[in-house]
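Peer 1: need a structure here:
(2 chains)
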Amino acid sequence: MKKTLATVVFGVLCLGSFAHAQFAATGTTTLQLTVGPEAAIQINTANTPLSTSTTTFANPFIGTTNFTYKIRTTKVGGTGNVTAQVTSDFTAATNGPSVASPPTAGDALTYTCTVANPATACSGTQTASTSASTAVASFGADAHATGNAGSVAWSLTNDPVYPTGSYSATVTFTISAT
Amino acid sequence: MFRPVITNVVLLTALSVSLWAQGTVSDTTHSLTVATNANGKIHVASSASLTESGVPFGDFSASVSVQYYARTLTGGQITVQATSDFGACASPATSPSIACNTVQYSCGVASFGSACTTTVTLSTSSATSVLTLPSNSACVNGGNPCGPANPFTVPLNFTLSNDPNYKTGSYSATLQYTLSAT
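Peer 2: Residues are numbered from 1 along each chain as shown, chains lettered A, B, ... in the order given. Down below sits the predicted model:
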């Protein structure tokens, strides 16, 4: 009985000691932070008009979409990409311009890329697609950008079979980082 | 055979006399005096995680609750200072850095005292104010607020700008809170 009582008293004293030990004249907190890969893109040209400079079918319809990107890729082994995909085609009109089903073989919406470092711009001329995303830019490991510029120069075949009128398509740009 | 009995009688008598003597004392002016110095103590969680808001490159933020007891004569304060940094301050940045003035904090409502009302930039070189304690604060709300069962609290919210230039990885910094009461 005496032993039991002694144990209880000791326990209470310890509890009181711990309860007060966490309070002191000063206290410290460690702020912890994990910085991961991340990317963001802003399209600055919400509507990109495509126009041709001639009326002789000699030149395609052209226009430029400007964007700004931010990116952070992993220090070792990280990568990043900017891609584009036509998510809404120009038209369902007969013989109208179309990315998915052009009225004439060879008609296409193509583009070239200009992107500031640390990006590597897409190579050559790319053909836009409704079924798959296509390259605009790529990044390597430990890439950082706080708001760098890029642009896509569009070119749409000026096919005489296109009926006159206005057409629009939607292109979705996606940026990713690992 | 008789001796033990006599002894007991004597002892009982003496005890009785003593009790009567206590019962006749008239003493209604006891003064209990306790000298209490200005004092205070503080507690914060040992760690807090800065997490990013839902938007790309949104700020990192963390909430920290500072608990404290305080008894002041002329006043007091709680301050905070970074005693170690996430990384070195550089331009362009390569890591988060408190020395680069990238961490700010704001205060919620303090249960006792006046917490900061504007956003404060955390510093590695000097302590910045979290809260000011009033003078003559001992037990202003009764006994319990000064006791161990009811520490005061002030919530703090830290934010760190999310610079794309930060290299990926884990970082940590240590903040020291100090309570002074006079």
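Peer 1: In chain A, where is pLDDT below threshold?
Peer 2: By pLDDT under 70, the weakly predicted segments of chain A are A:1-21, A:92.
Peer 1: if we go to 50?
Peer 2: Within chain A, the ranges that satisfy pLDDT under 50 run A:1-21.
Peer 1: what about residue 129, which helix or strand?
Peer 2: By default, I'm working from chain A. If you go by DSSP states H and E, residue A:129 is not part of any helix or strand.
Peer 1: my question was about chain B
Peer 2: Using DSSP H and E, residue B:129 maps to strand B:128-133.
Peer 1: Give the next helix or strand downstream of that strand.
Peer 2: strand B:152-160.
Peer 1: Run the chain-centre distance for stretch B:54-64.
Peer 2: For stretch B:54-64, the gap between its own C-alpha mean and the chain's C-alpha mean amounts to 27 Å (C-alpha atoms, centre = their mean, to the nearest Å).
Peer 1: Can you give me the end-to-end span of it?
Peer 2: 20 Å (C-alpha to C-alpha, to the nearest Å).
Peer 1: next one: stretch B:69-87
Peer 2: 33 Å.
Peer 1: Just the buried positions in that stretch, please.
Peer 2: B:69-72, B:75-82, B:85-87 (16 or more other C-beta atoms under 10 Å in any protein chain shown). No exception for glycine: its C-beta is placed from N, CA and C like everyone else's.
Peer 1: what number of residues lie near the nearest residue to residue B:109 once chain neighbours are set aside?
Peer 2: Spatial nearest neighbour of residue B:109, excluding adjacent residues (C-beta to C-beta, 6 or more residues apart in numbering or on different chains): residue B:115 at 6.7 Å. Each residue near residue B:115 was counted by other C-beta atoms under 10 Å in any protein chain shown, and the total is 20.
Peer 1: thought residue B:115 was touching residue B:152?
Peer 2: No. Counting by C-beta atoms under 8 Å, residue B:152 is not a contact partner of residue B:115; they are 10.5 Å apart.
Peer 1: circling back: okay, buried residues for the strand holding residue B:129 please.
Peer 2: B:130, B:131, B:133.
Peer 1: doesn't residue B:77 make contact with the second one?
Peer 2: Yes. Distance between residue B:131 and residue B:77: 6.4 Å, which falls inside the contact criterion (C-beta under 8 Å).
Peer 1: all strands of the chain, in order?
Peer 2: Assuming you mean chain A. A:26-35, A:38-43, A:61-72, A:80-88, A:109-115, A:120-121, A:126-127, A:134-139, A:144-156, A:170-177 (DSSP state E).
Peer 1: you looked at the wrong chain, it should be chain B
Peer 2: B:39-43, B:47-52, B:60-71, B:76-84, B:103-107, B:114-115, B:120-121, B:128-133, B:152-160, B:169-181.
Peer 1: okay, the ones you listed in TSV with mean pLDDT next?
Peer 2: Formatted as TSV, the strands of chain B follow (pLDDT from 0 to 100):
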stretch	mean pLDDT
strand B:39-43	83
strand B:47-52	96
strand B:60-71	92
strand B:76-84	96
strand B:103-107	98
strand B:114-115	94
strand B:120-121	98
strand B:128-133	95
strand B:152-160	95
strand B:169-181	95
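Peer 1: Indicate which one of the ones you listed is closest to residue A:89.
Peer 2: Minimum separation from residue A:89 across these (C-beta to C-beta) falls at strand B:47-52, 36.3 Å.
Peer 1: And the residue of chain B found nearest chain A, how far from residue A:41?
Peer 2: Here chain B gets closest to chain A at one residue, residue B:56, 3.5 Å apart by C-beta to the nearest C-beta. According to C-beta to C-beta, to the nearest Å, residue B:56 stands 9 Å off from residue A:41.
Peer 1: Next: residue A:167.
Peer 2: Applying C-beta to C-beta to residue A:167 and residue A:41 gives a distance of 25 Å.
Peer 1: Ok, residue A:114 next?
Peer 2: The separation that residue A:114 has from residue A:41, given C-beta to C-beta, amounts to 15 Å.
Peer 1: what do you get for residue A:78?
Peer 2: For residue A:78 relative to residue A:41 (C-beta to C-beta), the value is 17 Å.
Peer 1: do the same with residue B:156
Peer 2: Taking C-beta to C-beta as the measure, residue B:156 and residue A:41 are separated by 34 Å.
Peer 1: okay but residue A:122 is in contact with residue A:112, surely?
Peer 2: Yes. Counting by C-beta under 8 Å, residue A:122 does reach residue A:112; the two are 7.4 Å apart.
Peer 1: Going by how many neighbours each has, rank those two and give me the top one.
Peer 2: residue A:122 (22 against 17).
Peer 1: ok, residue B:126 - contacts?
Peer 2: The contact partners of residue B:126, by C-beta atoms under 8 Å, 6 or more residues apart in numbering or on different chains, come to residue B:81.
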